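**Student:** I'll drop the sequence and a predicted model, then ask my questions.
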Amino acid sequence: MGDTGKGRGFRGILGKQIARRDFLRGAVAGLGAAGVAAKLGYSSGETPPPMRLAAAPAATGKVVNSVGKEMPADAAPLAQQVLRMMGRDTKYYDIGYSQYDTSWPQEMMFETLGRLTKDHNAVPGAAERWESKDARIWRFYLRRDAKWSDGTPVTAKDFEFSFLRRLDPKTAYDFVWFYLDIKNARAFNTGKITDPKQVGVRALEDYVFEMELEGPVPYWPLIVSFRTSSPCPKHIVEKVGNEWSTNPATLIGNGPYKVDKWEKGRRLELVLNPTYTGPHKGYLERFIKTFGEWDAYFPAYEAGENEAIIDIAALSPGNLARAAADPVMSKELHKLTDFLTWYIFFQATKPPFNDLKVRQAFSHAVDRETLCKTALAGQGVPAYEMVPPGFPGNQAGKLNGIQNYDPARAKRLLAEAGYPDGKGFPAVDMWLRNPTAQVKMAAETIQAMYKENLGVTINIKPQEQKIYMDGMRGHRIPMSLISYEYDYADPSNMLGGVWHSQPVGAGRHDWKHETFDKLVDEAKGLMNQEKRTEMYNEAERILVSDVGGVMVWHPIRVMMWKRYVVGESISPNKAGVSSWYVGNNPVPYIYIAKH
């Protein structure tokens with residue numbers, strides 16, 4: 001991670017040198033648990049369902065699970081291959097209908113064309129291979145034996161239907177910007193054209209799916225391997241409608257796991273999908289997600305009722321101190337600097353934030369070092385850039401002096417904008433999206449810094465998810481502290497994906513800079529990685545200098561999982577990071593070890 005590359009070939013997305021031809025044909029090259037009852041995931045007194053267990057073949061002594069996958073030598077017996085976690089309930093498991101109203105383990109039930117690995121590479125998933133001669137027209141060859149969990153074949157028509165449904169303005173998809181590189185996607189989404197045949201997604205044959213883009217996008221396999229690119233079952237959606245994923249009876253998928261039970265407000269249980277024939281079969285026989293709020297995760301973990309905590313907001317400083325002092329739990333803590341940036345954005349086209357000097361003043365009035373030490377209790381590092389440390393294209397501190405803490409300069413800039421000591425400056429609401437206690441504390445600290453250093457009044461306004469996202473898409477939020485976490489490991493995601501200007505309804509912010517837009521547009525399709533990185537670096541300098549946002553901190557993510565929860569996907573990657581958040585869908589490669 002973080003290697004931007006030099007010379008011929010493509011580097012940065014994968015962190016290794018790859019010939020252009022091999023990259024474009026990248027599928028093969030690698031684009032880039034107290035008692036027994038509780039251990040089985042049930043409370044005392046409950047009757048667990050029967051488990052479909054496979055016996056060890058006598059000839060070899062090997063143990064295979066209920067879908068024929070050979071278990072690792074150190075794996076616990078099949079009856080113990082149950083993983084229990086806690087999380088929030090969700091309305092949908094249809095991530096192609098709503099990105100923000102879905103939740104994990106959606107990725108376990110569905111399979112995208114490719115799958116992202118812990119090293120950020122794209123490898124075959126629903127597609128056994130793909131190819132492109134020019135990085136503009138991509139052809140994906142689907143597995144011919146792939147089936148939905150109801151036994152219906154998965155075909156190219158399902159993928160064509162799914163991508164058109166995302167782009168259809170009637171869907172009002174909340175992640176549509178992610179797919180606007182598809183030919184005529186923007187025109188179709190905005191109603192300028194109504195014929196779906198003009199959109200660059202087409203089923204050429206039953207098992208050949210083609211995507212035509214507006215221009216070259218060499219990292220396109222990373223896009224279609226991200227979880228939002230999951231297909232939906234055309235035959236079910238056309239029959240049931242958009243509520244299909246809210247009912248266990250119609251919630252079918254093409255991934256390695258399928259729904260066994262969904263007790264709304266209580267828990268979701270998945271089991272291995274016997275119709276899945278792909279390369280990512282799971283080890284675990286059953287996955288149980290018990291629904292609860294963040295403050296319940298750690299007590300459940302201590303009680304042995306929750307075996308992994310992966311939500312960044314679920315571990316308070318008190319939880320972490322308790323875990324660190326425990327001889328067992330201290331060995332189950334995993335830390336990493338997350339590929340995520342917390343930043344402040346403004347309604348940049350309206351007063352007072354349409355004045356660059358005002359935005360600059362706000363950028364120099366935040367003491368990030370103090371914020372990270374106090375409100376964040378060491379769970380963050382100061383951010384002076386959008387692209388996080390270790391991420392491809394990070395500039396290794398070169399931008400630190402642009403938005404540095406300088407209260408004297410901040411006062412001067414605000415005075416030059418016509419607001420000496422904050423006089424005459426209107427009170428501004430700072431929106432927060434479903435904030436945790438820690439985020440509220442961070443916002444209150446920033447609020448106090450703005451009062452002390454600029455003399456301005458900032459009112460903190462927590463908002464529910466839907467209200468917030470509607471306000472963001474409508475460019476109606478006056479000011480906000482928000483985060484963005486990467487979707488795929490390329491600077492195009494953290495820069496162009498977040499900050500390229502978009503019409504109301506299609507993007508996150510109203511900030512616009514023509515040179516920035518031009519740079520990220522041109523860099524997107526370049527095969528020369530050195531030149532591509534230079535252009536993204538210059539675009540980021542413009543973003544920080546023009547204060548599209550005030551960069552504040554990069555979180556230090558802390559996760560916990562029991563020592564017997566193991567697997568290749570959560571072992572350290574090339575950068576030495578052990579995480580459930582590097583790549584996507586690690587569960588097929590996780591199992592319960594003997595203990």
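**Tutor:** It's in.
**Student:** over to residue 558: give its phi and psi.
**Tutor:** Phi and psi for residue 558, reported as degrees, to the nearest 10, are phi -120, psi 120.
**Student:** list the contacts for it?
**Tutor:** By CB atoms under 8 Å, 6 or more residues apart in numbering, the contact set of residue 558 is 312, 315, 320, 333-335, 379. From N, CA and C alone the C-beta is placed, and that goes for glycine too.
**Student:** which one of those is nearest residue 160?
**Tutor:** Residue 160 has its nearest neighbour among the contacts of residue 558 in residue 312, at 35.9 Å by CB to CB.
**Student:** burial count for the nearest residue to that closest one once chain neighbours are set aside?
**Tutor:** Leaving aside its sequence neighbours, residue 312 sits nearest to residue 557 (CB to CB, 6 or more residues apart in numbering; 5.1 Å). For residue 557, the count of nearby residues is 23 (other CB atoms under 10 Å).
**Student:** secondary structure element for residue 557?
**Tutor:** Per DSSP states H and E: residue 557 is located in strand 549-561.
**Student:** off-centre distance for that strand?
**Tutor:** 14 Å (CA atoms, centre = their mean, to the nearest Å).
**Student:** can you map out the helices along the stretch 51-200 of the chain?
**Tutor:** Ranges of helices within the stretch 51-200 of the chain are 106-109, 156-167, 185-189, based on DSSP state H, counting those that start in this stretch.
**Student:** ok, which of those comes nearest residue 144?
**Tutor:** Here helix 156-167 is closest among the helices of the stretch 51-200 of the chain (CB to CB), at 11.0 Å.
**Student:** show me what the closest one is packed up against.
**Tutor:** strand 137-142, helix 185-189, strand 201-205, strand 208-212, helix 234-240 (3 or more CB pairs under 8 Å, 6 or more residues apart in numbering; DSSP states H and E).
**Student:** and with 6 Å instead?
**Tutor:** Applying 3 or more CB pairs under 6 Å, 6 or more residues apart in numbering; DSSP states H and E, one finds that helix 156-167 contacts helix 185-189, strand 201-205, strand 208-212, helix 234-240.
**Student:** per-residue confidence averaged over the strand holding residue 557?
**Tutor:** Mean pLDDT, computed over strand 549-561, is 93.
**Student:** also stretch 519-526?
**Tutor:** For stretch 519-526, mean pLDDT rounds to 95.
**Student:** rewinding a little: please identify the deepest-packed of the helices of the stretch 51-200 of the chain.
**Tutor:** Highest mean neighbour count of these: helix 106-109, a mean of 24 (counted as mean count of other CB atoms under 10 Å).
**Student:** so what's residue 115 up against?
**Tutor:** Residue 115 makes contact with 123, 125, 225, according to CB atoms under 6 Å, 6 or more residues apart in numbering.
**Student:** can you tell me the SS state at residue 445?
**Tutor:** Under the three-state scheme (DSSP: H, G, I helix; E, B strand; the rest coil), residue 445 adopts helix.
**Student:** and it, how far from residue 369?
**Tutor:** 12 Å (CB to CB, to the nearest Å).
**Student:** neighbour count: the two, which is higher?
**Tutor:** The residue with more neighbours, out of residue 445 and residue 369, is residue 445; 17 against 12, by other CB under 10 Å.
**Student:** helix, strand or coil: sort out the nearest residue to that one once chain neighbours are set aside for me.
**Tutor:** Leaving aside its chain neighbours, residue 445 sits nearest to residue 375 (4.4 Å; criterion: CB to CB, 6+ apart). On the three-state scheme (three-state DSSP), residue 375 is labelled coil.
**Student:** got a pLDDT number for residue 375?
**Tutor:** So residue 375 comes in at 94 (pLDDT).
**Student:** neighbours around residue 84, how many?
**Tutor:** 24.
**Student:** so it makes contact with residue 304?
**Tutor:** No: contact between residue 84 and residue 304 fails when scored by CB atoms under 6 Å: they sit 9.1 Å apart.
**Student:** ranges for the helices of the stretch 351-500 of the chain?
**Tutor:** With DSSP H, counting those that start in this stretch as the criterion, the stretch 351-500 of the chain has helices at 356-364, 368-373, 407-416, 437-454, 465-473, 491-494, 496-499.
**Student:** which of those sits closest to residue 297?
**Tutor:** So among the helices of the stretch 351-500 of the chain, helix 437-454 is nearest, using CB to CB, at 13.7 Å.
**Student:** go through the closest one and flag the buried ones.
**Tutor:** 438-439, 441-443, 445-447, 449-450, 453-454 (16 or more other CB atoms under 10 Å).
**Student:** again with stretch 276-285
**Tutor:** So, applying 16+ other CB under 10 Å, buried residues of stretch 276-285: 276, 278, 280-285.
**Student:** could you give the separation between the terminal residues of it?
**Tutor:** 14 Å (CA to CA, to the nearest Å).
**Student:** and it, how far from the chain's centre?
**Tutor:** Taking mean C-alpha positions (CA atoms, centre = their mean), stretch 276-285 and its chain are 22 Å apart.
**Student:** skipping its backbone neighbours, what lies nearest residue 235 in space?
**Tutor:** Nearest to residue 235 is residue 152, by CB to CB, 6+ apart, at 5.9 Å.
**Student:** from residue 468, how far out is the one you found?
**Tutor:** Counting by CB to CB - residue 152 and residue 468 are separated by 38 Å.
**Student:** on that earlier part again, of the buried residues of stretch 276-285, just say which sits nearest to residue 478.
**Tutor:** residue 280 (44.7 Å).
**Student:** so the closest residue to that closest one other than its chain neighbours, which of the three states?
**Tutor:** Nearest residue to residue 280, sequence neighbours excluded (CB to CB, 6+ apart): residue 588, at 4.5 Å. Look at residue 588: counting by three-state DSSP, its state is helix.
**Student:** who's in contact with residue 588?
**Tutor:** Applying CB under 6 Å, 6+ apart, the residues near residue 588 are 256, 280, 282.
**Student:** tabulate these (CSV), appending distance to residue 96 and pLDDT.
**Tutor:** Below are the contacts of residue 588 laid out as CSV (distance: CB to CB, whole Å; pLDDT from 0 to 100):
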residue, distance to residue 96, pLDDT
256, 19, 95
280, 19, 94
282, 22, 95
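**Student:** next, name the residue at the spatial heart of this structure.
**Tutor:** Nearest residue to the geometric centre of the chain (CA atoms, centre = their mean): residue 487, 4.5 Å.
**Student:** and stretch 418-436, how far out from the chain's middle?
**Tutor:** The answer for stretch 418-436 is 29 Å, by CA atoms, centre = their mean.
**Student:** so what touches that stretch?
**Tutor:** Residues outside stretch 418-436 that contact it (CB under 6 Å, 6+ apart) are 313, 443, 454-463, 465, 468, 477-480.
**Student:** what about that stretch, how long is it end to end?
**Tutor:** Span of stretch 418-436 from end to end, CA to CA: 35 Å.
**Student:** what residues of it count as buried?
**Tutor:** 419, 422, 425, 428, 430-433, 435-436.
**Student:** any buried residues in stretch 551-568, and which?
**Tutor:** Under the neighbour-count criterion of 16+ other CB under 10 Å, stretch 551-568 has 551-562, 565-567 buried.
**Student:** how far off centre is that stretch?
**Tutor:** Chain-centre distance of stretch 551-568: 14 Å, with CA atoms, centre = their mean.
**Student:** please apply the same query to stretch 88-101.
**Tutor:** The answer for stretch 88-101 is 13 Å, by CA atoms, centre = their mean.
**Student:** stretch 350-366 too?
**Tutor:** Per CA atoms, centre = their mean, the centroid offset for stretch 350-366 relative to its chain is 30 Å.
**Student:** just the pLDDT at the residue nearest to residue 503 when sequence neighbours are not counted, thanks.
**Tutor:** Nearest non-adjacent residue to residue 503, counting by CB to CB, 6+ apart: residue 190, 7.2 Å away. Predicted confidence (pLDDT) for residue 190: 93.
**Student:** which ones are touching the residue nearest to residue 445?
**Tutor:** 441-442, 445.
**Student:** got these as CSV, with distance to residue 169 and pLDDT columns?
**Tutor:** Below are those laid out as CSV (distance: CB to CB, whole Å; pLDDT from 0 to 100):
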residue, distance to residue 169, pLDDT
441, 40, 96
442, 37, 97
445, 41, 98
